[in-house]
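A.B. asks: okay, sequence plus prediction incoming.
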Amino acid sequence: MSLGSFSLRINGENRVVEAYPMERLLDILREHLGLIGTKEGCGEGECGACSVLINGELVNSCLIPVAQADGAEITTIEGVANGEDLHPAQKAFLACGGAQCGMCTPGMIVATVNLLNKHPHPTAEQIREGLNGNLCRCTGYMRIFQAVEEAARTGSEK
Amino acid sequence: MQKERIVGTSVLRKEGIAKVRGAARYIDDTSFPGMIFGATVRSAIPRGRILNIKFDDGIPWNEFTIVSAKDIPGENTIALINRDWPCLASEFINHPEEPILLLGHSDRHLLTKAVNAVRVEYEVLPSIHSIEESEWGDIIVWGENNVFKSFQINKGDVDGTWAKADFIVEGEYTTGAQEHLYIENNGVIADFTPDTGLTIWGSMQCPFYVHKSLLAISALPEDKVRIIQVETGGAFGGKEDYPSMIGAHAALLAMKAQRPVKIVYDRMEDMVATTKRHPSRTRIRTAVTKDGKLLGADIEFTLDGGAYSTLSPTVLSRGTIHAGGPYFWPNIRVRSKAFATSCPPHGAFRGFGAPQSLFAMERHMDRVANALGLPPEELRRRNFLSQGLTTATGQEIREAVDLDHLLARAFELSDYQSKRERFNRDNPTAKKKKGIGFAAFLHGAGFTGSGERYLNSVAAMDGTPDGRLRVLVSSTEFGQGTNTILCQIAAETLGIDYDAVEIAPPDTSVVPNSGPTVASRTTMIVGKLVHSAALGLRQTLQSGGLLGTRWTTEEFCAAVRTHVARYGSLRSDSRYEAPAYVYWDDEKYSGDAYPAFAWAVYVAEITLDTVSYGVTVDDFVAVQEVGRVLNPVLATGQIEGGIAQGIGYALYEKVQWDRGRMANGQMTNYIIPTSQDIPSMKIYFEELPFASGAFGAKGIGELPMDGPAPAILNAVSFAAGKDFNAIPLMAEDICASLSAKSVSEEAVAV
């Protein structure tokens, strides 16, 4: 297979990468573009540490060949904050203790942003369901659920 | 005394902002110019002899750095307790996935192909795959008798109790292996130059353990080996010993290639090759009076240690000491052994042997209560340890521990009594049967016995020329909150703002050896050292006339700047001193096993579906006494995370062994609890400040791993009206048991 040129709009910026079409979007982000906030936990779409938004949908970037993301709008953890200003979800994760070791955190926060986009005031069940593709081994999820509720509250106050 | 301002409050996690932004740099987020990647060729058989190694055509082998055991400049061993664990197999293979060769190349994809193109020919030798096979001794795989270590605790005269007993209750309880499944796999980068020596950056718990191992392997002088912990994405004990192995591998490649080398495992390699929780088998025989007084216990506790001894002796020790649970036994004997088998070595995992033996004791107590016709809580109440009584090792309980109160509180919060009655009434006709069960337990904080004395830990604080205050320790952050808690302690002691204190990166060339980050010892032991070091630093400034009796943070930092400008540096070190009362006899295994215990009662409510045989945990209440809680949010997070791992341990996480190799080494088939599998949890702390801990703190981290499995199995056994004594308890086990004809009770009246 030969190298191709792929256009991605990442966190609001247009980027063009030269890559093999089957290269994982995860590697493109981390290695070609230096966006190391997106993590690899399992490499098979189970853990959600590599979660990003593609055209507003939550996906595991370890399962997406870059060719499939050509022309897409992508949001990674680096695009969640507004410059220095943390997103309500980030603030809430910090305040509620939703981040421990921090490895699942970027994916978890991206999944939270997605959840809050779809359900600005999610029920407990919607939170559990919305995060069920993101594994956390540290927190037992309770602080994360609290953080999502807190983010829903503070986010809507704006 | 001034009211504490920082300790006891939920200040924000020190490295929290970097973590929520995705800016925290873990090992795989780092690279160096000229860096290549390393990969490991591993054994395909459980046991045998290497006859020949062939390199297939089609790979440009001349481009590769290839390291075998012959390239090791020093000793071919990972130096832990014994020196039996080879860094690379040279001739004999003792478990599947044992490292044999290391390959280095700049192209990661080519490396994977190359690993598959190495053909190792073996003479296969017989292997063993259970505690029983190891015990039989027909095949010896380690030492003279397959036994890594044995202990015996003797208190009173157990054999004299059988004749006095109204009931003798016996049982056998087993627990399976458990994979840590930290979300970040093991990884390191090594660099070597003849001038600077060897530097290793990595994901790890214990930089000085890696340092010790690398000295032996590299044969370099102490100051030419430098270990730096970088942000570590979860550990749970899984990064206590293995970083020494992967660190050594990267180091050997770097020394040969003369380039920086990165090794980061993928998930499957991490799961099949690195350590897990020890599987266990516990047999308990107890003598009891008809009114529920425990007279004696004879306990046989055995662990499957895998192929090399690694940390098994100390895991066995902790499991042995905890085997009696939180009860007063006038007579008790615990005999324990860790056996060798032909699977990768089992290692440290949160709880370190205690979850295994406490599971057995807490299941057993429910069964004893059943045999006596007593409610399970009543049997426990009549035998709880309390101030002035002694544990199995003869340690006198000096604290005013009140397990009755913890039990009462847990029952009240979980509505235990009325639920138990209701479930009893409704279950006979229900397809979905409900259960509620509990476990009472204790967890010793700090190293066992004389351990802390041998460790001889040092913590320090220093001031920088620009007036910043730094905590200097080798204690590492991997999610539990080390950075935050130690800075809280320092800031509180110095009387300055939390934000004015930072923690130095754990770099063995910079920080003193404050011991490994294990055994729930960081807050209690290292925290106390940081407290003393901070006091020393404050006194230096005061006696130098730079600080009055009251100060603001700005004044304090100004005093630091002045001191450093005047004298060149400002530093205060503090070394561990055992409390005077701590006495431990290693020979007899008696005395003060731990400086302090944390105590707890956990209640689990479950639903057992008799159609699908699935169990769900519906509600969980955890009441504990852990001394003073220094940061409520972090402490609660520790407990909740431990409970989730405990739920996985009890109901989800089954390592499928295929002749010593984990057959389900993927997240798709080794299942940990997700956000939808976790019940609501209610976490409560009763605070009883511990005099010898920092601001009254004891250990927290491991405690929550001990209680969930027995509480859940007690609840399931109650719901099913049948005993379940083995974990993980999978739906197929429940199906098999409930479809089988009932077996005769093991408890007999005498």
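C.D. replies: Ah, there it is. Predicted model, so just to flag it, every value in this text is computed and none were measured. Numbering: from 1, shown residues only, chains lettered A, B, ... in the order given.

A.B. asks: so B:Ile59 belongs to a strand, correct?
C.D. replies: No. Judged by DSSP: H, G, I helix; E, B strand; the rest coil, B:Ile59 forms no part of a strand; its state is coil.

A.B. asks: burial measure for the closest residue to chain A within chain B, as a count.
C.D. replies: Nearest residue of chain B to chain A, counting by CB to the nearest CB: B:Gly22, 2.3 Å away. Any C-beta I mention is one placed from the backbone N, CA and C, and that applies to glycine too. Using other CB atoms under 10 Å in any protein chain shown, B:Gly22 has 25 neighbouring residues.

A.B. asks: could you do A:Cys138 as well?
C.D. replies: A:Cys138, neighbours per other CB under 10 Å, totals 32.

A.B. asks: show me the contacts for B:Ile299.
C.D. replies: B:282-285, B:323-324, B:332-335, B:357, B:360-361 (CB atoms under 8 Å, 6 or more residues apart in numbering or on different chains).

A.B. asks: which SS state does residue 39 fall under?
C.D. replies: Using chain A. coil.

A.B. asks: um, chain B though
C.D. replies: Under three-state DSSP, B:Ala39 comes out as strand.

A.B. asks: how about the lowest-mean-pLDDT helix or strand in chain A against chain B, any contact?
C.D. replies: Counting by mean pLDDT, DSSP states H and E, chain A has its least confident helix or strand at helix A:142-157, which shows a mean of 93. Yes. Applying CB under 8 Å from any CB of the partner chain, one finds helix A:142-157 touching chain B at A:Met142, A:Arg143, A:Ile144, A:Phe145.

A.B. asks: what are the buried residues along that helix?
C.D. replies: For helix A:142-157, the neighbour count (16 or more other CB atoms under 10 Å in any protein chain shown) marks A:Met142, A:Arg143, A:Ile144, A:Phe145, A:Gln146, A:Ala147, A:Val148, A:Glu149, A:Glu150, A:Ala151, A:Ala152, A:Gly155 as buried.

A.B. asks: helices or strands up against it?
C.D. replies: helix A:88-96, helix A:105-118, helix A:124-130, helix B:632-647 (3 or more CB pairs under 8 Å, 6 or more residues apart in numbering or on different chains; DSSP states H and E).

A.B. asks: now with 7 Å?
C.D. replies: Applying 3 or more CB pairs under 7 Å, 6 or more residues apart in numbering or on different chains; DSSP states H and E, we find helix A:142-157 packed against helix A:88-96, helix A:105-118, helix B:632-647.

A.B. asks: make a markdown table out of those helices and add mean pLDDT, mean neighbour count and distance to B:Asp191.
C.D. replies: Listed next are these as a markdown table, based on pLDDT from 0 to 100; neighbours: other CB atoms under 10 Å in any protein chain shown; distance: least, CB to CB, whole Å:
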| stretch | mean pLDDT | mean neighbour count | distance to B:Asp191 |
| --- | --- | --- | --- |
| helix A:88-96 | 98 | 24 | 34 |
| helix A:105-118 | 98 | 25 | 27 |
| helix B:632-647 | 98 | 26 | 34 |
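
A.B. asks: tell me which of these lies nearest to B:Asp677.
C.D. replies: For the helices and strands packed on helix A:142-157, proximity to B:Asp677 was assessed by CB to CB; helix B:632-647 is nearest, at 7.2 Å.

A.B. asks: what does the closest one contact?
C.D. replies: A:97, A:100, A:138-143, B:10, B:350, B:480-481, B:484-485, B:617, B:620, B:622, B:624, B:629, B:673, B:678, B:681, B:683, B:685, B:700-701, B:703-705, B:707-709, B:712 (CB atoms under 7 Å, 6 or more residues apart in numbering or on different chains).

A.B. asks: those in strands, which ones?
C.D. replies: B:Val617, B:Phe620, B:Ala622, B:Gln624, B:Met681, B:Ile683, B:Phe685 (DSSP state E).

A.B. asks: and which of these is nearest to A:Val16?
C.D. replies: B:Met681 (47.8 Å).

A.B. asks: who's in contact with residue 45?
C.D. replies: Assuming you mean chain A. A:Gly45 neighbours (CB under 7 Å, 6+ apart): A:Asn60, A:Cys62, A:Leu63.

A.B. asks: wait, chain B
C.D. replies: B:Ile93, B:Pro96, B:Tyr122, B:Val124.
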